[in-house]
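A.B. asks: Got a predicted model here, sequence first, then my questions.
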Amino acid sequence: MRSLTGLFRREPQYGMRRDPAPTRWGYRYQRLMLTPLFRIGVRFGLPVLLVAGGLGLWFVQEDNRKAFAAQYERLRGMIEQRPEFMVGAVEIEGADPALAAAIQRFLPERMPISSFDLDLVEIRARIRELTAVADATVRVRPGGVLDIAVTQRVPVAVWRHVDGLRLVDAEGVMTGMIPQRSARAELPLIAGDGAREKIGEALALFAAAEPVSDRLRGLVRMGERRWDLVLDRGQRILLPAENPVAALERVMALDAAQDMLARDIVAVDVRNEDRPTIRLTEQALMRLRRVSENNN
Amino acid sequence: MGQLYQTQRAMRNMRKAAMQRGVIAILDVGTSKIACLVLRFDGDMPAPEGIGSMAGQSSFRIIGAATTRSRGVSFGEVSAMAETERAIRTAVQAAQKMAGVRVDHVIATLSGARPRSYGLDGEVEVEAGQVTDGDIGRVLAACEVPDYGDGREVLHAQPVNFALDHRSGLADPRGQIGQRLTTDMHLLTVDATAIENLLYCIKRCDLEVAGLASSAYVSGISSLVEDEQELGAACIDMGGGSTGISVFIRKHMIYADSVRMGGDHVTSDISMGLQVPMATAERIKTFYGGVVATGMDDREMIEIGGDTGDWEHDRRTVSRAELIGIMRPRVEEILEEVRQRLDAAGFEHLPSQQIVLTGGGSQIPGLDGLATRILGQQVRLGRPLRVQGLPQAATGPAFAGAVGLCLFAAHPQDEWWDFDVPAERYPARSLKRAIKWLKDNW
């Protein structure tokens, strides 16, 4: 009988297809690899574990960590300092020279600077904090230009306050100070407490007072309630708290018809719309009395 | 028998576990080839267009199939353990590779091991007026088990008929009203050693056995059509080393046997008659074989070939008629033997006597004509049912057993061990009786 425990597997008989059987361990290995969890572990978990372990071992060394950080910083600096990212010029649009000078203070001094180091949001926020600025857009244009577009507030009136003369825009926001009235003589003057808040009404009144604009001195807010229109020669038109524009228009109509304001009167009181009142000057009053006595 | 009952129940639980995992392998250990199919069970897989539900068999799909030349198996029994183990490993590995999943549970079949059929009957009084599950278990347990001898194991024990009082032929007596419940049970025993050897081989491959079936039975399931199973038919599975016989009526197997002769014997006859190696004989048989000689066959010369170096020896030729002359007596012998077994089983008393030839050996040209002379007029060649995903190469009659095992895995028939043991066997019953005694007497 042939050996049962041959070292080598017997070859298949003549003419038969080779059909080798897997070894016991090969068979077990294949079954193990077909186990889903094991398969995932080997194909995904093991590489991840190896890479993570290797990196971990490398980073355990203090020197390695430092070298890595230094290399990182160097690379970052290299990219940031590339000429494509450098900002060399500033263009400020829509700002007068004084505002431009004020804006310059918020910009970095050293001018060729990387755009990574520019905090555009911060710059914009600080520019918008300026009283003269309504809105601003800050951007870096291609070509390394920091482009600042400013919408300035437009002053529409001069407000006389205890500490001086201020400019006020249509929303009642102060945009700056002027040393004397003649610096912005073309703007109307308002005064009194609470005048700034009612700037819209004041502007409407100024528009209604167009016929007497050459005599107009300004508007005074009385008791934060109503307006007095002040003309030259100390004349005043006392306007009501309610509907002052209509009252002023009536006064203007009276003036146009009877030339009232050119007469010798101190004040026109239209606070009570049913009974407009005028106050004469001292001389006019005396004279009027004398005339009436003579007539008697 | 209690031992076996537990073993089979354990296998049933294993099968349930495998079903839950959805993957199970079936292993047909034959004499000439070992086939392994990997089945995937998906709960509600829609049947493809144009195919019906296929009697519920569309619930699984074959995702891996592999065949290997069998080693160490003869007469359908394991004769060399290590060789068989290696062959099983080859088949399972290839099937797993094709399926791409790991298989842990396997349902196996074997064709040899000298099956022997017994018809049993049992009778009990129905306890509650209505037949319950417990009554079924009791009546099955009441069957008088014959002395089938030492060293044999029960492979199948299927109730094939229930009768309640005078009404017979009940498929499911549960819930019906009556007094006397009787049953007929078909018991199939096989050699215990053959089974144990096979189980050991499978265990060595790190697989769990989820079921065992007789090859003759599963071939019948796959190759008999439904009306044949219903009206009475015999399936002859002509394998390599043994020929399985199973007789079906009313969709139950009532008889199974196996003839220890098959295609390999034909091959060895050719090998001896023509003085050629077995491999060459097998090739000649499959290419030129036949059982009915005609005048043309005298003139058709077959090159036998050989590689001895002797020119005269290597250039021998043989006429096809001579080859048929060698094959025919052996095939006739097999069929005569089958005829004897069928006669012994009383096959002629069945209402329909359809005989279906299947298995690799049934592919011999002209076999149906020869079988008609020996077995009777109603003979046809059978091919296994088509199941989803089966490769074209595995649809031939040689795979009747493998395909039948798939169907068996999907829809196993009720066996004796599927019903609970009657309560009398449990100590709980005696406790109940003690309490009853206390109640009655105090």
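C.D. replies: Arrived safely.

A.B. asks: Just give the nearest non-adjacent residue to residue B:233, would you?
C.D. replies: Leaving aside its sequence neighbours, residue B:233 sits nearest to residue B:354 (Cβ to Cβ, 6 or more residues apart in numbering or on different chains; 3.9 Å). Every residue, glycine included, has its C-beta placed from N, CA and C.

A.B. asks: how close does the one you found get to chain A?
C.D. replies: Noted for residue B:354: a distance of 37 Å to chain A, by Cβ to the nearest Cβ, to the nearest Å.

A.B. asks: Just the pLDDT for residue 4.
C.D. replies: You didn't say which chain, so I picked chain A. Per-residue confidence at residue A:4 stands at 64 (pLDDT).

A.B. asks: nope, chain B
C.D. replies: So residue B:4 comes in at 65 (pLDDT).

A.B. asks: Next: residue B:48.
C.D. replies: 58.

A.B. asks: which stretches of chain A form helices?
C.D. replies: Here chain A has its helices, by DSSP state H, at A:24-33, A:36-40, A:46-60, A:62-80, A:97-104, A:120-129, A:199-208, A:244-258, A:282-295.

A.B. asks: just the ones you listed: most buried one?
C.D. replies: helix A:199-208 (a mean of 18; mean count of other Cβ atoms under 10 Å in any protein chain shown).

A.B. asks: now it, how far from the chain's geometric center?
C.D. replies: 28 Å (Cα atoms, centre = their mean, to the nearest Å).

A.B. asks: Show me what that helix is packed up against.
C.D. replies: strand A:155-161, strand A:216-222, strand A:226-231, helix A:244-258 (3 or more Cβ pairs under 8 Å, 6 or more residues apart in numbering or on different chains; DSSP states H and E).

A.B. asks: Am I right that residue B:200 is in a helix?
C.D. replies: Yes. According to DSSP: H, G, I helix; E, B strand; the rest coil, residue B:200 belongs to a helix.

A.B. asks: Could you count how many residues lie near the spatially closest residue to it that is not a sequence neighbour?
C.D. replies: Excluding its sequence neighbours, the residue lying closest to residue B:200 (Cβ to Cβ, 6+ apart) is residue B:81, at 6.9 Å. Using other Cβ atoms under 10 Å in any protein chain shown, residue B:81 is surrounded by 14 other residues.

A.B. asks: What backbone torsions are found at residue B:81?
C.D. replies: phi -60, psi -50 (degrees, to the nearest 10).

A.B. asks: what about residue 112, how many residues close to it?
C.D. replies: Picked chain A for this. Using other Cβ under 10 Å, residue A:112 has 12 other residues around it.

A.B. asks: Correction: the question concerned chain B.
C.D. replies: 28.

A.B. asks: Now do the SS call for it.
C.D. replies: coil.

A.B. asks: closest one to chain B among the helices and strands packed on helix A:199-208?
C.D. replies: strand A:155-161 (79.2 Å; Cβ to the nearest Cβ).

A.B. asks: which neighbours does the closest one have in its sheet, and in what orientation?
C.D. replies: strand A:164-169 (antiparallel), strand A:189-191 (parallel) (DSSP bridges).

A.B. asks: Check what contacts that strand and list those residues.
C.D. replies: With contact meaning Cβ atoms under 8 Å, 6 or more residues apart in numbering or on different chains, strand A:155-161 is reached by A:165-170, A:174-176, A:178, A:181, A:184, A:187-191, A:195-196, A:199, A:202-203, A:206, A:218.

A.B. asks: what residue ranges in chain A score low on pLDDT?
C.D. replies: A:1-18 (pLDDT under 70).

A.B. asks: what's the domain layout of it?
C.D. replies: As assigned by automatic domain parsing, chain A contains the domains A:83-152, A:155-295.

A.B. asks: any idea how far the longest one is from the chain center?
C.D. replies: Read that as domain A:155-295. On Cα atoms, centre = their mean, the centre of domain A:155-295 falls 36 Å from the chain's centre.

A.B. asks: in the stretch 51-200 of chain B, which ranges drop under the pLDDT threshold?
C.D. replies: For the stretch 51-200 of chain B, the stretches flagged by pLDDT under 70 are B:51-58.

A.B. asks: re the thing from before, could I get the domains of chain A as JSON lines with distance to residue B:361?
C.D. replies: As requested, the domains of chain A are exported to JSON lines (distance: least, Cβ to Cβ, whole Å):
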{"stretch": "domain A:83-152", "distance to residue B:361": "84"}
{"stretch": "domain A:155-295", "distance to residue B:361": "106"}
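
A.B. asks: Now residue B:217: phi and psi?
C.D. replies: Given degrees, to the nearest 10, the pair of backbone angles that residue B:217 has is phi -60, psi -50.

A.B. asks: ok, now residue B:433?
C.D. replies: phi -70, psi -40.

A.B. asks: Quickly note the distance from it to chain A.
C.D. replies: Between residue B:433 and chain A the distance is 51 Å, computed by Cβ to the nearest Cβ.

A.B. asks: how about residue B:399, what does it touch?
C.D. replies: B:28, B:35, B:384, B:390.

A.B. asks: Kindly report the same for residue A:217.
C.D. replies: Contacts of residue A:217 (Cβ under 8 Å, 6+ apart): A:189, A:230-232.
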